Structures are given as structure tokens and as C-alpha cells.
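Undergrad: any chance you could fold what I've pasted below:
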Amino acid sequence: MKNRHASVRSTVCIFLVLLVILGFGYDLYDIQITNHEYYASQNNTVSTYTVSIEAARGEIVDRNGNSLVTNRQGNSIILNAAYFPSSSENDERNAIILNLINLFEQNGEEYVNNLPLQLQDGEIVFTDDEDAVEQMKSEDMLNLQSYATAQNCFDAMVEKYGLEDYSVKQALKIGAIRYELTRLQFSIENPVTIADDVSDETVAAIKEDSDSYLGADVKVVSYREYADSSLAVHILGTVRQINAEEYEELKDSGYSITDTIGESGIEKAMEDELRGTPGEMTITIDSDGNVTEEITKYPVQGNTVVLTIDKDLQALAQEKLKETCDEVSLSSGAGAVVVEDVNSGEILAAASYPTYDLEDYYNNYSELASDSRQPLWSRFALGTYAPGSTFKPAMACAALEEGVITESTTFYCRSYFEYYDITFSCLSYHGSENVKTALRDSCNVFFYNCAQKLGISKMNEYASMFGLGEKTGVEISEAAGTLAGPASAEKYGTTWQMGDTIQAAIGQSDNLFTPLQLCNYCATIANGEVRYEMHFVKSVINTSSGTVQETGSTVAQELSISSNTISIVQEGMRLVATTGAPASVFSGLDVDVACKTGTSQVIKNGQTVNNGFLITYAPYDNPEIAVASVVELAGSGTSTADITASIIDYYYSSNTNEKSAELTGELLQ
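TA: The predicted model follows:
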């Protein structure tokens, strides 16, 4: 009985052993024969990474297809984590970085340094960038208390990156690059640029000595290039590296921490169109440490943005504005000029002075930012001015439409106007004036009377119809300005009085408008029917398909003003150009124009001085363009007439070969 039970147990054991052997045999056959390639691949591949490849930005051209902003290829030096020593290998990392720093300095290359520490008179001190100092102390960086001193930060950096064996100067240099790697989350998926736009000599040195510069690589990138880096700078704008806040907001849209982004102007406004579609590189690292790179998706350059401006007209506007401002004062002359198509809202030129060069912006930003003349400030879009008598055509429209005057109504000007115990002055003793002659002579008394009859609410109703005191709709940053009235008085902590209404009638009081608004206001009077939204973008050309998407015109306001009122005001503005102060300047033009001058008093350096304004449209009988100019300290609007005359003369004698914009530039891969 016992032997029989032993035999059964032996049989079961043998069966189980055979079953296990068969199972292992099947797995061995599956691994080595059936799925050999799959398991071999799995055995050899440790990791796969995807690295974004930056796409070139789209180009910007003028309305005739002339290049304004393009791209050029250059070389930057990056650190690639797939080849660079790991974060635990401080000595190896620091040695390679020091080799790179020595190479950069030997060849005169600039390299990254966003570390807010510096050596000053033998002491470690913070730089002036308070935000950067705060970031350096944060938990993600050096993890220090907010009260940590500059020396505390330096000591923590030395410990974190193993820089004890280096001099203070060397530690600061090496630490700056190590700090950048930490700040930009250095990894295989995220290589970090440590030097931009380097020379061929530096590129060759790194490629020829891979051991000394292990992990350093050359990356071909696109850099913004300008047909004329001084042209239309306040329109085109600038680009820069994305900051941490923007990255957090945009990373889900495909941006990386090292991307370039539009900072101002059209570069910022049209970011979605100008930014290309990034490509992808797949990096695989096998168990032996071998690295394989393959481009799995090629980048696509951004779209081409076609502007409404005319390159040559823009250059002329800038030149004439500079000449006039310099004639007023070489040390403090300033101003702006805007040219608009009255039938579409397209801006044909817009210039601000003083101005700057885009190359200087990237190389000498600190100097430009601290310049007391504020060359970075766009006076045509952000500068707000009391418009003086250029406000009077709007007053005339309001008074005529509301019936407080007719074409034949006259008021007698004795060079002053009395309202109770307040006396308001006029420029001259004009005698009897009707609305047309009052516009020609810029008679304050006539419009004081209109204001007294209209009241501020009606005055502002019509001013708003012309877009005064509100943004024009342009794509770039602009000021809204201020329309004088009870709301503005409350804002400034005062109470609105009738005397303020009388002052507002001649463009004083709290009235503050931008040159863009003044030009659009003039264009609206010229076409007599609608106010258009102003715009700088004419169309967008898709890089991939070549299709053109036109911006078109947008009506901001349909005028509820009779054609008779518009005609009366236009005739008054025509008198300004033919028999008024600027008549001698405009008499030499081949086209008839209508205009209105303006002067406003401002206090500068304790002295009362006058800014000069001029709004003009042409031709008088069939308006096509409007021009608004302001020259600070000019004394009168007539002083700006040469700028306008030159622009109109160019437009009708030289600008005859407009052509369609063409897709320009090549895809950068």
C-alpha cells in the first residue's frame, strides 16, 4: 500500500517537472524565435526622448511685398544632456563648462549669465534685477530665505554645484551657466543654449575637440534680420526669450522654456501667425549608452505678415519728422506723424521721434531705456496730447447738427470771451466770424459761443463719434486718451464747471488724444460717412499653402451727421489750406488739400511752450489719404506743414507702382 502511494507521488512530481520545463521552453522559443526582434529591441533600448526643434518665425513685408523683417541662419552653442555628464558629476560638468568659457572669452563670444550676483570691489553683491534675485532664492533654485544676503546666495551656489576648488571669479562664471541649466530645467528633452550667434571659429573648435567640450553641440538657428533696422521700429516691435510666467501660460500650446516670443509691436500682436510649427527630434539611448538622433517631424516656418505701410513712404515720414523736430530743438525736439487711407483705415505710415535702431535695442537696451528723450516710446500710439484747435472741426459738426448754429450764423470776436467773471482769450481780433471763417482763422471766440450753447454732453457725443478719447483698433499697444468732461474731472479729483466746457471747445481742458486718433478723426471727416478701425496688418500669407487671408476693413462707427454739415466743415478746412496760415506751404502741391492747424500750451521745465498740430486730407474733392502730425515745442501747427506737404507730394508723384505682396523667404529646417 505504501509503495503504491509513493509511485503516485513520483508520477505527479515528474509531471509537474515536465510541465515547468515545457513552460520555460515555450517562453524561450517565444523570446528567441517568435518575437526575437521585439525583445532584442526592448533589451537594447533604455529610453526614448522627444526634443522640440524650433521653427523659424514668419517674415514681415510691406504692402508692396518689400521685406521688412526676415531671418538669417546662425549658430548657437547648446548643452545636450544626452552627452553631458549627469547632475551628480559636478567635477566633470564644471571642467567642461570652464573649457567652454575659456573658448568663448578667447574668441570674444558673449555667453549666458542670468545669475543675479556679481563681484564688486571684492564683495559679492546682488544685481539690480529684484525679480531675478527673488527667483534665485526660491525653493526651485537655491532654496534660501528671503532675507539671505548675496554672500549667502553665493555660498549656497558654490555648495550646490561643487565649486569649492575655483576662485570667486571662476565660480561666478561657471555658476552662471550651472544656474541657467537649473533655471531652464535642463534635460535630454530640453537642451539649453549657453551662447548665441557664435563665430565659425568657435563652432570649429567645439566640433574638433569633442572630449574637452563633451555635451556641447552646435545648433543652427534663425535670427531676426532687418532690411533697415531703423525703419518702422515702433510698428514692427521686438522679440525675446519667453519668460517663466509666459511659459507656464503657454506651455500647453507647444512653447518650450527656451522659445523666442514677440515682445512688442507686430511681433507680439501677430505671434500666433509669425510663430512657426516646431519640429521634433527623437533621441534613443540604448543599454550601452549609444545615442541615436532622428528628425521625425520637420519644423514649418511661420506665416508671412503683410503690413499696410509703404516702406518708402514710411522712410520719408521718418526723415521729414526728424528734420522738423531737429529744427525745433536738437536736444529736445520730438513728435509723431501718421498717414491713413481714409476709405479703409489702413495705416500707410506711422513715425515717432526720437526713434532708435533695432540692432541697438538688442545690443544696448539699458542705454535706450534710460534715455531721457524716451526713444523707445511710440508717440504716435502711446503719446497723448491736448489737440488744440484741431478739435474745432468736431465742434463745428456738433453745433451745426444740433442746430445751435447754421452756415450763416456769426459771432463777433473782440479777441476775448467773457463768462461771468472769467475772461477767455482768442489769438486775434477777428470781428464777425461764421463757422467756415472761424475754422480758417481758428477763432476761439466762435467756438466758446458754440460750447456755451451745446454743453459738454453734446460736445462729447460728437467727439466720440469721431473716435476721440478711445482706442483706434490697431494691433499694437495704444493709449485710449481722455475725453474732457465730468468723468475726467472726477478722475482728477475736481468738479466739472462750465468754464471747463468752454476750454474743452478749443481742445484744451482734459482733452488728450493720440496722433492715431487725430488721423482717424481727420479721415472720418474726409470720407464723411464712416469711421474705420485703424489697422497695420493687410493680410497673412500661409507658408504651407500659399493662401492669402485679407484683413479687410472694419467699420467702427457709421456717422449720423448730414452730408450738408460735413460739406460745410470740409469747406472751412479747405479755407485753412488756401488762405490760412499753412497756405504758402500747400500752394506748391499738385493736389488740393484741406486741413486744420492746432496749438496747445504745455509746461516744460517750468516754462509755458506750445506744441504744434496739423490734420490734413487729400485730395479735397475725392479724399484718399489723411495725415496727422504733432511736433512738440513747435510753436504752431503750421510749423509741421512741411512734413505733411512732403508726404502728400510723395504719395501722388512717386507712389505709382504698387504691387501685390509675394511670399518671400525660405523654410529653415
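Undergrad: helices along the stretch 1-150 of the chain, start to end?
TA: 2-29, 36-44, 90-106, 130-137, 150-161 (DSSP state H, counting those that start in this stretch).
Undergrad: list the buried ones in the last one?
TA: Think helix 150-161. Buried residues in helix 150-161, defined by neighbour count with 16 or more other C-beta atoms under 10 Å: Ala150, Cys153, Phe154, Ala156, Met157, Val158, Lys160, Tyr161. All C-beta spots, glycine's among them, are computed from the backbone N, C-alpha and C.
Undergrad: where does the prediction get shaky in this structure?
TA: 1-46, 655-669 (pLDDT under 70).
Undergrad: so which strand or helix has Val591?
TA: Following DSSP states H and E, one finds Val591 outside all helices and strands.
Undergrad: all the helices of the stretch 351-500 of the chain, residue numbers only.
TA: 358-363, 365-370, 392-401, 435-441, 444-454, 456-465, 486-491, 498-504.
Undergrad: what is the last one packed up against?
TA: Taking 3 or more C-beta pairs under 8 Å, 6 or more residues apart in numbering; DSSP states H and E as the contact definition, the neighbouring helices and strands of helix 498-504 are strand 416-419, strand 422-425, helix 444-454, helix 456-465.
Undergrad: and what of the fifth one?
TA: Applying 3+ C-beta pairs under 8 Å, 6+ apart, one finds that helix 444-454 makes contact with helix 392-401, strand 411-413, strand 416-419, strand 422-425, helix 435-441, helix 498-504.
Undergrad: what lies in contact with that helix?
TA: With contacts defined as C-beta atoms under 8 Å, 6 or more residues apart in numbering, helix 444-454 is touched by 389, 392, 395-396, 398-399, 402, 404-405, 411-417, 419, 424-427, 430, 433, 435, 438, 459, 498, 501-502, 504-506.
Undergrad: now with 7 Å?
TA: Helix 444-454 is contacted by residues 392, 395, 398-399, 402, 404-405, 411, 413, 417, 424-427, 433, 438, 459, 501-502, 504-506 when judged by C-beta atoms under 7 Å, 6 or more residues apart in numbering.
Undergrad: tell me the angle of that helix relative to helix 456-465?
TA: Helix 444-454 and helix 456-465 are oriented at 110 degrees to each other (axes from the mean of the first three to the mean of the last three C-alpha atoms, to 10 degrees).
Undergrad: report the angle between helix 444-454 and helix 392-401.
TA: Inter-element angle recorded for helix 444-454 and helix 392-401: 50 degrees (by the same axes, to 10 degrees).
Undergrad: list the buried ones in helix 444-454?
TA: Of all the residues in helix 444-454, those buried under the rule 16+ other C-beta under 10 Å are Asn444, Val445, Phe446, Phe447, Tyr448, Asn449, Cys450, Ala451, Leu454.
Undergrad: any idea how far Asn80 is from the first one?
TA: Counting by C-beta to C-beta, to the nearest Å, the gap between Asn444 and Asn80 amounts to 72 Å.
Undergrad: mind checking the end-to-end distance for stretch 612-630?
TA: Stretch 612-630 stretches 6 Å from its first residue to its last (C-alpha to C-alpha, to the nearest Å).
Undergrad: enumerate the positions of that stretch that are buried.
TA: So for stretch 612-630, counting by 16+ other C-beta under 10 Å, buried means 612-620, 623-630.
Undergrad: helices - which of those residues land there?
TA: Among those, none falls in helices (DSSP state H).
Undergrad: okay, now the residue nearest to Tyr412 when sequence neighbours are not counted: neighbour count?
TA: Using C-beta to C-beta, 6 or more residues apart in numbering and skipping the chain neighbours, the partner closest in space to Tyr412 is Ser432 (5.4 Å). Using other C-beta atoms under 10 Å, the number of residues around Ser432 comes to 10.
Undergrad: repeat for Ile566
TA: For Ile566, using other C-beta under 10 Å, the count is 21.
Undergrad: and it, helix, strand or coil?
TA: Three-state assignment for Ile566 (DSSP: H, G, I helix; E, B strand; the rest coil): helix.
Undergrad: thought it was touching Gly528?
TA: Yes: using C-beta atoms under 7 Å, Ile566 is in contact with Gly528, at 4.0 Å.
Undergrad: got the contact list for the closest residue to Glu418 other than its chain neighbours?
TA: Leaving out its chain neighbours, the residue that sits closest to Glu418 by C-beta to C-beta, 6+ apart is Phe424, at 7.6 Å. The neighbours of Phe424, taking C-beta under 7 Å, 6+ apart as the test, are Tyr416, Phe417, Asn444, Tyr448, Ile502.
Undergrad: list the buried residues in the helix or strand encompassing Glu327.
TA: Per DSSP H and E, Glu327 falls inside helix 311-328. Going by neighbour count (16+ other C-beta under 10 Å), the buried part of helix 311-328 is 311-318, 320-322, 324-325, 328.
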